[in-house]
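**Student:** coordinates only, sequence not included:
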């Protein structure tokens, strides 16, 4: 290895472009957001004096703040929870050997490969009351007798947004769990079968413990990505009516770029950033521990 | 190899199959479909029950009803009173008398009808009967043979019994759905004059089905008020057919459970694929429909009645090629930058020892955690300072930076998995470090590099949020932002929106399918998502 290492400063030179890129475009915006959150910002966007935590108190006292936080919590919990459950079940099924398995796997990856704006637009069309494809299809199949209003209230619309969120998140979980499943030695199952273990017992005692690392990684990452997800809510309802379907990310976007309230918006950014830091810390903990094991 | 116990098992299976068949036949003869057809309506205004006008009207209705009864119909008279208060404050009453005929129909009457579902019903009957006959013919001569030693003919016949049973089971819901579609949706569209194509055929088929062809001239009136009901009992056909199928499976394989689980697996996977593909199907058909068809409440077809390729030409004239080009530039540039910075970094991480390595690793992983969205305001500010807002170059750099972490992580894993001995050999042969990297390591790491490359490309291609904020000039928009011009607040041109979406989706989906098999191997270690 010695001759590959070269001079002392060489490794840092190799890292330099990457460090510069991340520092300028990731770290520096973080600093800007922090600085802005403590400054007075006029409607025109001109940065003024240091004003302490006033932006934060403004943000918390916004009338929609509570709703938005509750929505964000529901959004993250339901999308991450249910997509983890579904993804796990689907991974268990497509890990079996059957004809056409390759095609099925290729198809299941579609939602992951598609831009979220496009997915959200399509679902927007599907659930239209007057001419949406879902009503049309169900009527034509004779499953329903009368068109159903799929977006009768904002609560229902929010549920639809969560459903679309789940739809696009499931493939990620599926493939994470699948990668965990495929690393399990099949002789473990054979031995368990010899010992007379049933399906549930094998699932509980072999599969679950061994895919737990994959599940943890996918869950933590999903919490971060789902929290940050913007296009679904923005395309389907734009947070309407009156921020009732907003999550934190869409809310701070509207606040900053439509309502011109940059101050509270940056404060919200920092709050979101800190929440993400917590999740990232948890993620680092799991990954680093896995690194050490591996 | 003869076995008496086997003969008993097979006999029970055959008997169960016969029970299933008889059950089906019984269900076929029950009046599961009932139709309430209004054959006569009389309205009488200013009439209260019991007064003279009422008696006169009632007499008239009764005469009409007698006429129908004389023709052999079972009819019922109903009367409804509608009370209203007129402008003078007086209460008026409108009496409506209807003679309705309730017609019960069993499934056998579909057999000889000209209804659209008749073929399906004939198929189901035939399949069930054939399935039983095949099982019979395949079992009787070899009833006491252990199924491992069955002769090919018996085996083929029993397999056929299973296959026919599966088909029948599949066709039963199709049959029920087709009927509901026809009776409740299509007929009402014909009555409301919203659909004319094939109306005459439907009318004569209904006439023949309900009235034996005697009511041609009054079909319009009859069908207008037609209420159809299907008894829930019809779903008993499914367990009956399933009983037959399972018995056939028992005959063929000697055990039901594994085959049943297998069947469930395929069923589950099929449903899964259909659900996943559903939005793509909607996107595809909507992209090639006319504007009128996309907002048609009564669209009855699974595919466009006419594929309109004009939509593609239209979106080309509305700037879509430009958006696609921008997306290509952004994604390609971001990928190039991310790889140029990422490969050396990953190489250093994998092959060199230096102080602060784990700090850098932590730094990389942390930076992966932040989607640019939460930092939107900071990024917008930074870009305007650098005069990069509203430019394709700015998008390139942002996308490269936010995908840097994943690129390094995946490439590092790839490099580590390749033994350093090859490079050392190259060094001994007189190559320098750069040559050993470009000529030995990179070609060996090609699969990992391609995966990282494609992944960054797809992420940058699909990025939406940053682009909406940074880009204000139309000609600089990437496709994800460009498609939103087709959905303004008060009018959405669905066909253009989805035609453009289709163009934006196809390339990435194909790319993703290429890296699918590498994803599974490198996923959880890299921790990846767009």
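**Tutor:** Nice, I can see it. Predicted model only: the values in this text are computed from it and were never measured. Numbering: from 1, shown residues only, chains lettered A, B, ... in the order given.
**Student:** the bottom helix or strand of chain B by mean pLDDT?
**Tutor:** helix B:219-224 (a mean of 74; mean pLDDT, DSSP states H and E).
**Student:** Flag every buried residue along it.
**Tutor:** Of all the residues in helix B:219-224, those buried under the rule 16 or more other CB atoms under 10 Å in any protein chain shown are B:219, B:221, B:222, B:223. Quick note: C-beta positions are derived from backbone N, CA and C, even for glycine.
**Student:** So which other helices or strands are in contact with whichever strand or helix holds residue B:457?
**Tutor:** Secondary structure from DSSP states H and E places residue B:457 in helix B:446-462. If you count contacts as 3 or more CB pairs under 8 Å, 6 or more residues apart in numbering or on different chains; DSSP states H and E, helix B:446-462 packs onto helix B:320-351, helix B:392-417, helix B:479-482, helix B:494-526.
**Student:** With mean neighbour count, mean pLDDT and distance to chain A as extra columns, can I get the ones you listed in CSV?
**Tutor:** Below are the helices and strands packed on helix B:446-462 laid out as CSV (neighbours: other CB atoms under 10 Å in any protein chain shown; pLDDT from 0 to 100; distance: least, CB to the nearest CB, whole Å):
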stretch, mean neighbour count, mean pLDDT, distance to chain A
helix B:320-351, 22, 92, 4
helix B:392-417, 24, 88, 3
helix B:479-482, 26, 92, 5
helix B:494-526, 21, 81, 4
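**Student:** Would you mind putting those helices into TSV with distance to residue B:470 alongside?
**Tutor:** Putting those into TSV (distance: least, CB to CB, whole Å) gives the following:
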stretch	distance to residue B:470
helix B:320-351	11
helix B:392-417	6
helix B:479-482	10
helix B:494-526	19
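**Student:** how far does the least confident helix or strand of chain B sit from the chain's center?
**Tutor:** A distance of 35 Å separates the centroid of the chain from that of helix B:219-224, by CA atoms, centre = their mean, to the nearest Å.
**Student:** Give me the mean pLDDT for the helix holding residue B:457.
**Tutor:** The predicted model assigns helix B:446-462 a mean pLDDT of 87.
**Student:** returning to what we had before: for residue A:155, which of the helices and strands packed on helix B:446-462 is the nearest?
**Tutor:** helix B:494-526 (25.8 Å; CB to CB).
**Student:** And the pLDDT for residue B:283?
**Tutor:** On the pLDDT scale, residue B:283 gets 93.
**Student:** and if you look at the one 3 residues further on?
**Tutor:** Here, the pLDDT recorded for residue B:286 equals 90.
**Student:** With residue B:58 instead?
**Tutor:** pLDDT, residue B:58: 86.
**Student:** List the contacts of it.
**Tutor:** Applying CB atoms under 8 Å, 6 or more residues apart in numbering or on different chains to residue B:58 gives the contacts residue B:97.
**Student:** Now the residue of chain B found nearest chain A: which helix or strand?
**Tutor:** Chain B approaches chain A most closely through residue B:180 (2.6 Å), counting by CB to the nearest CB. Element membership for residue B:180 (DSSP H and E) is helix B:152-180.
**Student:** Which neighbouring elements make contact with that helix?
**Tutor:** helix B:118-139, strand B:227-230, helix B:237-253.
**Student:** I'd like the next helix or strand past the helix holding residue B:457.
**Tutor:** helix B:465-470.
**Student:** Isn't residue A:282 up against residue A:220?
**Tutor:** Yes. The criterion here is CB atoms under 8 Å, and residue A:282 meets it with residue A:220 at 5.6 Å.
**Student:** Would you agree residue B:308 falls within a strand?
**Tutor:** No. Assessed with DSSP: H, G, I helix; E, B strand; the rest coil, residue B:308 is coil; it does not lie in a strand.
**Student:** For it, give me its contacts.
**Tutor:** Applying CB under 8 Å, 6+ apart to residue B:308 gives the contacts B:288, B:289, B:290, B:495.
**Student:** In its sheet, which strands sit next to the longest strand belonging to chain B, and in what direction?
**Tutor:** Scanning chain B for the longest strand, with DSSP state E as the assignment, gives strand B:91-105. If you go by DSSP bridges, strand B:91-105 pairs up with strand B:33-45 (antiparallel), strand B:75-85 (antiparallel).
**Student:** tell me the contacts of residue B:494?
**Tutor:** Residue B:494 touches A:125, B:286, B:291, B:294, B:295, B:486, counting by CB under 8 Å, 6+ apart.
**Student:** hmm, I was thinking of residue A:161
**Tutor:** Counting by CB under 8 Å, 6+ apart, residue A:161 touches A:75, A:232, A:233, A:236, A:237, A:245.
**Student:** Who has more neighbours out of residue A:282 and residue A:220?
**Tutor:** Legend: neighbour count by other CB atoms under 10 Å in any protein chain shown for residue A:282 and residue A:220, higher for residue A:220 (22 against 15).
**Student:** how about that one, secondary structure?
**Tutor:** Going by three-state DSSP: residue A:220 is helix.
**Student:** what does the model give it for pLDDT?
**Tutor:** Reported pLDDT at residue A:220 in the predicted model: 81.
**Student:** can you map out the strands along chain A?
**Tutor:** For chain A, the strands defined by DSSP E cover A:39-41, A:47-50.
**Student:** winner for burial among the ones you listed?
**Tutor:** Greatest average neighbour count among the strands of chain A goes to strand A:39-41 (a mean of 19), per mean count of other CB atoms under 10 Å in any protein chain shown.
**Student:** close to chain B, is that one?
**Tutor:** No. Applying CB under 8 Å from any CB of the partner chain, one finds strand A:39-41 separated from chain B by no less than 9.5 Å.
**Student:** quick one: contacts of that strand?
**Tutor:** Under CB under 8 Å, 6+ apart, the answer for strand A:39-41 is A:47, A:48, A:49, A:50, A:51, A:54, A:55, A:262, A:263, A:266.
**Student:** what does stretch B:162-176 give?
**Tutor:** Counting by CB under 8 Å, 6+ apart, A:142, B:117, B:120-121, B:123-124, B:127-128, B:130-131, B:134, B:230, B:234-235, B:237-238, B:241-242, B:244-245, B:248-249, B:252, B:263 sit against stretch B:162-176.
**Student:** again, only using 7 Å
**Tutor:** Applying CB atoms under 7 Å, 6 or more residues apart in numbering or on different chains, the contact partners of stretch B:162-176 are B:117, B:120-121, B:123-124, B:127-128, B:130-131, B:134, B:234, B:237-238, B:241-242, B:244-245, B:248-249, B:252.
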